[in-house]
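In: just the structure for this:
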Amino acid sequence: MMHCRLLFTASLALYVFALLAFCGVVSAHNVKLEPRRRECFFEDLRKGDTMTVSYQVGDSHGDSSSGNLGIDFWVTDPKNQVLKTDNDESHGEYTFNAQQSGRFTYCFSNEASGLVAKEVGFNVHGIVYIDASDVPADPFEVEVKALSNVVEQVKDELEYLLIRERVHRNTAESTNSRVKWWSLFQLGVVAGSGIFQVYYLKRFFEVKSVV
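Out: Modelled structure (predicted):
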């Protein structure tokens, strides 16, 4: 009976751990870049760790039709050497393997824009190197951590796709709105031109009598 209780307690603890791990990865990463501003973040990695940064840019006012959604993005290592640079890009993804332990910094810059504020949605995930001596002996804990990592990667990918879908939807809606108003303008021009021609021809064929 005592063995069954211990097994039940261990299973309950693993379930709670898995639930907490899932709840801990549902937060989104969004930052608003004002004109002439930059935002930098960092991750402390050990040698052998792998990190992926993916980002998508949208207009902070929800109108992505301006076509000016490019930002600058770069990643630097602990020695401040640039590992990756994107210039004037609206989305991107970069994966790298840490060749040394230390603080890796990644930045998003809107310094090239003087008018438009932009919203950047980004995800950071990766594979953390674990020494064999640090691996927990409980196989259930290992499986829960592996499952948590997979869930986090799926969540990050879904958030990235949702941001891209929102940007593309805003662009399509803005284009449709412009096509609608342009069509109405053309209809007004055609109607005005027809009325003017009828009025002009009517006056042209009027018979004027001189008394």
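In: the nearest residue to residue 85 once chain neighbours are set aside: which element?
Out: Once flanking residues are discounted, residue 85 sits nearest to residue 74: 4.5 Å by CB to CB, 6 or more residues apart in numbering. C-betas here are computed from N, CA, C, even on glycine. Using DSSP states H and E, residue 74 maps to strand 71-76.
In: got a list of contacts for that strand?
Out: 33, 53, 55, 57, 82-90, 92, 94, 96, 104-112, 118, 120 (CB atoms under 8 Å, 6 or more residues apart in numbering).
In: buried only: go through those residues for me.
Out: With neighbours counted using 16 or more other CB atoms under 10 Å, the contacts of strand 71-76 contain these buried positions: 33, 53, 55, 57, 86, 90, 94, 96, 104-106, 108-110, 118, 120.
In: among these, which are located in strands?
Out: Among the buried ones among the contacts of strand 71-76, the residues falling in strands (DSSP state E) are 33, 53, 55, 57, 86, 94, 96, 104-106, 108-109, 118, 120.
In: could you export these as JSON lines, including distance to residue 143 and pLDDT?
Out: Output for these, formatted as JSON lines (distance: CB to CB, whole Å; pLDDT from 0 to 100):
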{"residue": "33", "distance to residue 143": "40", "pLDDT": "88"}
{"residue": "53", "distance to residue 143": "27", "pLDDT": "90"}
{"residue": "55", "distance to residue 143": "31", "pLDDT": "88"}
{"residue": "57", "distance to residue 143": "37", "pLDDT": "87"}
{"residue": "86", "distance to residue 143": "37", "pLDDT": "92"}
{"residue": "94", "distance to residue 143": "30", "pLDDT": "91"}
{"residue": "96", "distance to residue 143": "28", "pLDDT": "91"}
{"residue": "104", "distance to residue 143": "29", "pLDDT": "94"}
{"residue": "105", "distance to residue 143": "33", "pLDDT": "94"}
{"residue": "106", "distance to residue 143": "31", "pLDDT": "95"}
{"residue": "108", "distance to residue 143": "36", "pLDDT": "94"}
{"residue": "109", "distance to residue 143": "41", "pLDDT": "94"}
{"residue": "118", "distance to residue 143": "41", "pLDDT": "88"}
{"residue": "120", "distance to residue 143": "35", "pLDDT": "88"}
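In: need the max-distance pair from those residues.
Out: 96 and 118 (24.3 Å; CB to CB).
In: related to what we said a few turns ago, quick check, nearest of the ones in strands among the buried ones among the contacts of strand 71-76 to residue 171?
Out: Among these, residue 57 lies closest to residue 171 (CB to CB), at 12.2 Å.
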